[in-house]
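Asker: 3D model of this:
(chains A and B)
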Amino acid sequence: MPQEFPRIEVRTLTMRFDDYLVQQGINFQVARGSVFVIMGDSGSGKSMLLRHMVGLMPPAAGEVLYDGESFWAVDDGRRAAIARRFGVLFQGGALWTSMTLAENVALPLAQYTRLSPREIDEMVSLKLALVGLRGFEQYYPSQISGGMRKRAGLARAMALDPDILFFDEPSAGLDPLSSRRLDELILELRDSLGATVVVVSHELASIFTIADDSVFLDAERRTAVAHGDPRRLRHQCADAKVREFLARGEAAAGAA
Amino acid sequence: MANAENSRSDTPPASTAGLAASQAADGGLRVEISGRWIRGERPIHGDDLLGALDSDPAPRLVQVAAVGLEDWDSSLLSYLLRLRWAADRAGVAADFDQLPAGLRRLMALASAVPDRSGARQGDEPPGLLANVGLWTQSKIGAFHDACRFLGLVTLALLAFLRGRAVYRRQDLIGTIQEVGAQALPIVSTISILIGLILAFIGAVQLAQFGAAIYVADLVGLAMTREMAAVMTAIVVAGRTGAAFAAQLGAMRGNEEIDALATMGIPPVEFLVLPRLLALALMMPLLYVYGCFIGLFGGYLVGVGLLDLVGQAYIERTREAVGLTDFMIGFGKSAVFGVVIAFAGCQRGMEAGRSAAAVGQATTSAVVTSIVYIIVIDAVFAVSLDLLGI
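Answerer: Reported below is the predicted structural model:
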């Protein structure tokens, strides 16, 4: 693929839930090897935007492009091929509950690589160790805590060393230390593996630590109202709501 | 206290909630709040005051003040908010400045996020005609969904036949064990009882003509052609169809199905295929098992109650029941197995993302399967009759 295309581009995207308009006219680009954060107040459709980007929901209008290729215009086979380069971490981890952690991580490896069972076992142990779950290979998702499930979900998302990682609220439900380790891991994935990371989050501490670029979805105006580095937006954004959001409402005069 | 519904000019007794409205000189309405406004102790609804805001001519201004307010909780707050929103709707200015600061702060908090237009649902119940339309649309939608799912399942089966389906063999084996071997106790119980019942019913009638031996015919034919297939199917629908719907519904709520899809693993191949195959394989076997247990139940009644010779009963059964009868039941049960798995999996895959939705999916799976089973059985009966089999 020629280098001039951004890794991901969202063009005039409209999202609907049945007849209910959630967002319209969303435009942004995600540069190769950057961490991009989707922010917004609750109900603004952040997770829904993620579902559009990973192929779970077709847009009502507009396009999502990967390396200049329209994700929703190509046929199913091609779309699956594009999606093979994704790793997705869902909000609750979304582990397959009938399988052990090792089997969860091993399934994509068994499906898409020609590794021997022994090599798969090694990869599984490595990925689980990376998220701090060494020794938990034979546990079932129901036997571990919510935070651990989330980390195991991350191990599974990283199983195939994806080019693009999607995280839906990664730090929600994690204690501050685990949350911080997760942030470090995200930055490490970007720096060492050159992965592009898209994160849905409203955890300010985490946003300021990891984000290179961002978009802010507004639930009331139903469109994206700000783009850019959140550290800059916090002080310089033209939109008062975004400034207030990023300052946790504390800078705004007269806030209760 | 219940009869203390206040009219506007009453002076309330001390220590209960009081609400007094008076016309101010400038055309405004002055509302005075007094007494104890405590949840569960409040005798006042104050709806007439809210109504007054919509009356014509509407007051220019509503001024709310606390006069001798002793104690209050959410009860007062909720009333004041209703008052405020009613005033907003009527376009009447409302002044709450003479209320205690704590109340004003809570009111400000409750009004901080505006009512999001469009997000509030079900404002007006649809009329009869609209209901008929909605119902029809939902039925058409359900038919479309079923066709779509049938298509997906067919594609998955084709992929399986070409050896390219993605599923785990241990899932298939586990499901086979779950729906087959583990169903034996309940299938045994039901089948032997059905056999006994059929024999009893027949015995009473046939013994009158001295034709007790024909109980063997009755039990044999009824079990092989109808009862074993239908009864095992109904048991399996309640046991396995419901389980499929609940499992898949819960997986959907947990985003497990989304996780499969984003990984490029077709959920229908991975989840539905093993269940469908397991049930299509196991139902006929359960039928065969149920048949023999049912025939044994009939034998017990014949020999034990009607004093028939065991050997004669077995001979009679072998003469009455042909291979065709047996094959009919066998074929039907395979169809039932596919239908139960289909209904259970479809309901599960299309379940909403809540605990209640999983419950509905489970109920719906069982009801749908049983209706399908009876309808298909009737179709078989009519067709076989026309064909003279």
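Asker: use CA for all of it now, contacts and neighbours both
Answerer: Fine.
Asker: burial of the nearest residue to B:Leu221 once chain neighbours are set aside, as a residue count?
Answerer: Excluding its sequence neighbours, the residue lying closest to B:Leu221 (C-alpha to C-alpha, 6 or more residues apart in numbering or on different chains) is B:Val321, at 5.9 Å. Using other C-alpha atoms under 10 Å in any protein chain shown, B:Val321 is surrounded by 20 other residues.
Asker: and if you look at B:Thr363?
Answerer: Residues near B:Thr363, counting by other C-alpha under 10 Å, number 18.
Asker: next, count neighbours for the nearest residue to B:Ala320 once chain neighbours are set aside.
Answerer: Nearest residue to B:Ala320 in three dimensions, chain neighbours excluded: B:Asp217, at 5.4 Å (C-alpha to C-alpha, 6+ apart). Number of residues near B:Asp217 (other C-alpha under 10 Å) recorded here: 22.
Asker: ok so B:Asp217 is a strand residue?
Answerer: No: B:Asp217 is assigned helix when assessed by DSSP: H, G, I helix; E, B strand; the rest coil, not a strand.
Asker: tell me how far it lies from B:Tyr299.
Answerer: 11 Å (C-alpha to C-alpha, to the nearest Å).
Asker: same deal with A:Arg149?
Answerer: Distance check for A:Arg149 against B:Tyr299: by C-alpha to C-alpha, it reads 56 Å.
Asker: more neighbours, those two?
Answerer: B:Tyr299 (26 against 21).
Asker: OK, contacts around that one?
Answerer: Listed by C-alpha atoms under 8 Å, 6 or more residues apart in numbering or on different chains, the contact set of B:Tyr299 reads B:Ala216, B:Gly310, B:Tyr313, B:Ile314.
Asker: can you list the buried residues in the strand or helix carrying it?
Answerer: Assigned by DSSP states H and E, B:Tyr299 belongs to helix B:273-304. Neighbour counts over helix B:273-304 (16 or more other C-alpha atoms under 10 Å in any protein chain shown) mark B:273-303 as buried.
Asker: sorry, back to before: save the contacts of B:Tyr299 as TSV, and put in secondary structure too.
Answerer: Converted to TSV, these look like this (three-state DSSP):
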residue	secondary structure
B:Ala216	helix
B:Gly310	helix
B:Tyr313	helix
B:Ile314	helix
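Asker: taking these together, which two end up most distant?
Answerer: Farthest-apart pair in these is B:Ala216 and B:Gly310; separation 10.5 Å (C-alpha to C-alpha).
Asker: let me know the pLDDT of residue 115.
Answerer: Unless you meant another one, I'm taking chain A. Here the pLDDT value assigned to A:Leu115 is 89.
Asker: wrong one, I was asking about chain B
Answerer: Looking at B:Asp115, its pLDDT is 66.
Asker: same question for the one 3 residues further on.
Answerer: Here the pLDDT value assigned to B:Gly118 is 53.
Asker: got it, and A:Arg222?
Answerer: At A:Arg222, the model reports a pLDDT of 88.
Asker: B:Pro12 now?
Answerer: Reported pLDDT for B:Pro12: 48.
Asker: could you do B:Gly290 as well?
Answerer: 96.
Asker: kindly report the same for A:Ala106.
Answerer: A:Ala106 is assigned a pLDDT of 93 by the prediction.
Asker: so which elements touch the helix or strand where it lies?
Answerer: Using DSSP H and E, A:Ala106 sits within helix A:101-112. Packing contacts for helix A:101-112, counted by 3 or more C-alpha pairs under 8 Å, 6 or more residues apart in numbering or on different chains; DSSP states H and E, involve helix A:117-130, helix A:146-157.
Asker: reformat these as TSV; add distance to chain B.
Answerer: Below are the helices and strands packed on helix A:101-112 laid out as TSV (distance: least, C-alpha to the nearest C-alpha, whole Å):
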stretch	distance to chain B
helix A:117-130	15
helix A:146-157	9
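Asker: pipe the ones you listed into TSV and attach distance to A:Tyr139 per row.
Answerer: Converted to TSV, the helices and strands packed on helix A:101-112 look like this (distance: least, C-alpha to C-alpha, whole Å):
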stretch	distance to A:Tyr139
helix A:117-130	12
helix A:146-157	10
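Asker: where's the residue lying closest to A:Met99 once chain neighbours are set aside relative to chain B, distance?
Answerer: Using C-alpha to C-alpha, 6+ apart and skipping residues adjacent in sequence, the residue nearest A:Met99 is A:Tyr140, 6.3 Å away. To chain B, A:Tyr140 is 14 Å away according to C-alpha to the nearest C-alpha, to the nearest Å.
Asker: what about A:Tyr140, how many residues close to it?
Answerer: Look at A:Tyr140: counted by other C-alpha under 10 Å, it has 19 neighbours.
Asker: any idea of the pLDDT on it?
Answerer: Listed pLDDT for A:Tyr140 reads 94.
Asker: got the phi/psi numbers for it?
Answerer: With angles defined as degrees, to the nearest 10, A:Tyr140 sits at phi -90, psi 150.
Asker: and chain B, which residues reach chain A?
Answerer: With the criterion set to C-alpha under 8 Å from any C-alpha of the partner chain, chain B comes near chain A through B:109, B:116, B:118, B:251, B:254-256, B:258-259, B:261-264.
Asker: just how off-centre is the helix holding B:Tyr299 within its chain?
Answerer: Relative to the mean C-alpha coordinate of its chain, helix B:273-304 is positioned 29 Å out (C-alpha atoms, centre = their mean, to the nearest Å).
Asker: B:Asp26: what secondary structure?
Answerer: With three-state DSSP as the criterion, B:Asp26 reads coil.
Asker: what's the neighbour count on it?
Answerer: Neighbour tally, B:Asp26, other C-alpha under 10 Å: 9.
Asker: that one and B:Asp48, how far apart?
Answerer: Applying C-alpha to C-alpha, one obtains 21 Å for the distance of B:Asp26 from B:Asp48.
Asker: name the residues of the helix holding A:Ala106 that are buried.
Answerer: Those would be A:Leu101, A:Ala102, A:Glu103, A:Asn104, A:Val105, A:Ala106, A:Leu107, A:Pro108, A:Leu109, for helix A:101-112 by 16+ other C-alpha under 10 Å.
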